[in-house]
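In: generate a structure from the sequence data that follows.
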Amino acid sequence: MSLHQGNDQLGVATAQRTVRIERLLPGPVERVWDYITDSEKRGKWLAKGPMADHAGGPVELTFQHSQLSSEPTPEKYRKYEGTKNTGTVLRCEPPTFLSFTWSGESEPSEVSFELQAVGPDTLLTVTHSRLSSRGGMVSVASGWHTHLSVLIAQLNGTKPAIFWSKMEQLEGEYDRALPQ
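Out: Residues are numbered from 1 along each chain as shown. Now for the predicted structure:
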């Protein structure tokens, strides 16, 4: 049973090999859009790298997890430090929708960001689809959940103290929560 509520709820499987996570983020849609598309701002919660602003353009994400919190990286996660993920923008409709391919598995998966104004805040829906396996779903859901926690902290002007211990806890929770 999960203790996550509100803005830390577990994501859900919405279709076969598809995970969706929603978060209510502080600030207007344009501010959140910048944190998704601007390399420097994105690097504070996910990964730096160039991202085209049109369909067919390239995406390159370089992960520097050690810069996201003050927690040291455990041995089992060190292989992810400095990894690069490349893809192609599939759809870009500033400032409300972005989707691109995501390398890293045998076949590229797809990630999309939908942004919707809710009063002064933004509802962000992250959907990651075409995942190759259930294990991939657990890993991706845990990763997005953890990275979105860092985004919330950044938008609130703070830096999280932990990253990997949250990720590790979430892997167990998603393993129990997602369908077999």
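In: which parts of this structure are helices?
Out: Counting by DSSP state H, one finds helices in the chain at the ranges 29-37, 39-43, 134-155, 164-177.
In: which of those helices has the highest mean neighbour count?
Out: Neighbour counts averaged per stretch over the helices of the chain are highest for helix 134-155, at a mean of 21; criterion: mean count of other CB atoms under 10 Å. Using the backbone N, CA and C atoms, a C-beta is placed for each residue, glycine as well.
In: can you list the helices of the chain in a markdown table and add mean pLDDT and distance to Ser69?
Out: What follows is the helices of the chain, written out as a markdown table (pLDDT from 0 to 100; distance: least, CB to CB, whole Å):
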| stretch | mean pLDDT | distance to Ser69 |
| --- | --- | --- |
| helix 29-37 | 98 | 17 |
| helix 39-43 | 97 | 14 |
| helix 134-155 | 95 | 7 |
| helix 164-177 | 94 | 8 |
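In: make TSV from these and add distance to Gln9 to it.
Out: Compiled in TSV, those are given as follows (distance: least, CB to CB, whole Å):
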stretch	distance to Gln9
helix 29-37	18
helix 39-43	23
helix 134-155	9
helix 164-177	11
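In: looking at the ones you listed, spot the one closest to Glu114.
Out: helix 29-37 (10.3 Å; CB to CB).
In: need the contact partners of that closest one.
Out: With CB atoms under 8 Å, 6 or more residues apart in numbering as the contact definition, helix 29-37 has outside contacts at 25, 41-42, 44-45, 51, 53, 94-96, 98, 113, 115-117, 122, 124, 151, 154-155.
In: in strands only, show me the residues you listed.
Out: Where the contacts of helix 29-37 overlap with strands, as defined by DSSP state E, the overlap consists of 25, 98, 113, 115-117, 122, 124.
In: mark which of those are buried, thanks.
Out: Neighbour counting over those (16 or more other CB atoms under 10 Å) leaves 25, 98, 113, 115, 122, 124 as the buried ones.
In: what sits against the nearest residue in space to Val59 that is not next to it in sequence?
Out: The shortest distance from Val59 to any residue other than its chain neighbours is 4.2 Å, reached at Gly87 (CB to CB, 6 or more residues apart in numbering). By CB under 8 Å, 6+ apart, the contact set of Gly87 is 58-61, 100-103, 108.
In: select only the buried ones of these in PyMOL?
Out: Only the buried members of the contacts of Gly87 end up in this PyMOL selection, burial being decided by 16+ other CB under 10 Å:
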select buried, resi 59+60+61+100+101+102+103+108
